[in-house]
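A.B. asks: got a structure for you, letters missing:
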């Protein structure tokens, strides 16, 4: 039995969970999320807590047990608080600007790269320091926020020699020494 799957999930006030035979739906102040009911897993509500139960001892059902509990906890946190990823754009001439749901990035290519944010994702810009732009990605779906942040970071990963590129805020990039001239 999964150690994570056994933990009950607290149900805060203002959040409703509808358990249907094929999926469960989480409704909260920030929106609605749904997840399919996986094989061998059931959901039980008890006194403001949700408990994920494993109905059989198959290997697949045991794997889905912890996954379902983690997804449920993330969905409840998403509809109450939401999720946020912050990306730093570091480099001379590297910049970004947002217009509505689009983000336009100038990353040293011959053309600007434009990305459309998925539905439910909000993209904003902050300027911090001289050469540091911060892209703030917010949303209620943890997977969608993380995937969009990863897609942006993938365009220009931080390089180890000068540290230029797009990185998560607080991410450590190990720097390498460049070539040194031979001295005689």
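C.D. replies: Here it is on my side, so go on. On a predicted model such as this, the values are computed, not experimentally measured, just so you know.
A.B. asks: mind listing what's buried along stretch 119-126?
C.D. replies: Within stretch 119-126, the residues that count as buried by 16 or more other Cβ atoms under 10 Å are 120, 121, 123. (Each C-beta comes from the backbone N, C-alpha and C, glycine too.)
A.B. asks: and the contacts of that stretch?
C.D. replies: 31, 96-98, 101, 103, 117, 133-141, 144-145, 148 (Cβ atoms under 8 Å, 6 or more residues apart in numbering).
A.B. asks: that one: how far from the chain's middle?
C.D. replies: How far stretch 119-126 lies from its chain's middle: 12 Å, per Cα atoms, centre = their mean, to the nearest Å.
A.B. asks: what do you get for stretch 67-85?
C.D. replies: 10 Å.
A.B. asks: next: stretch 80-98.
C.D. replies: 13 Å.
A.B. asks: for the longest helix seen in the chain, packing partners?
C.D. replies: Longest helix of the chain, by residue count under DSSP state H: helix 59-80. On a contact count with 3 or more Cβ pairs under 8 Å, 6 or more residues apart in numbering; DSSP states H and E, helix 59-80 meets helix 3-6, strand 9-10, strand 23-28, strand 31-36, strand 41-46, strand 49-54, helix 142-155.
A.B. asks: so which of the contacts of stretch 119-126 belong to strands?
C.D. replies: Among the contacts of stretch 119-126, the ones falling in strands (DSSP state E) are 31, 96, 97, 98, 103, 133, 134, 135, 136, 137, 138, 139.
A.B. asks: on that earlier part again, turn the helices and strands packed on helix 59-80 into CSV, columns for mean pLDDT.
C.D. replies: Putting these into CSV (pLDDT from 0 to 100) gives the following:
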stretch, mean pLDDT
helix 3-6, 83
strand 9-10, 92
strand 23-28, 94
strand 31-36, 94
strand 41-46, 88
strand 49-54, 90
helix 142-155, 96
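A.B. asks: how about these in a markdown table, adding distance to residue 168 and mean neighbour count?
C.D. replies: Output for the helices and strands packed on helix 59-80, formatted as a markdown table (distance: least, Cβ to Cβ, whole Å; neighbours: other Cβ atoms under 10 Å):
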| stretch | distance to residue 168 | mean neighbour count |
| --- | --- | --- |
| helix 3-6 | 24 | 14 |
| strand 9-10 | 27 | 14 |
| strand 23-28 | 26 | 18 |
| strand 31-36 | 24 | 15 |
| strand 41-46 | 32 | 14 |
| strand 49-54 | 30 | 18 |
| helix 142-155 | 7 | 17 |
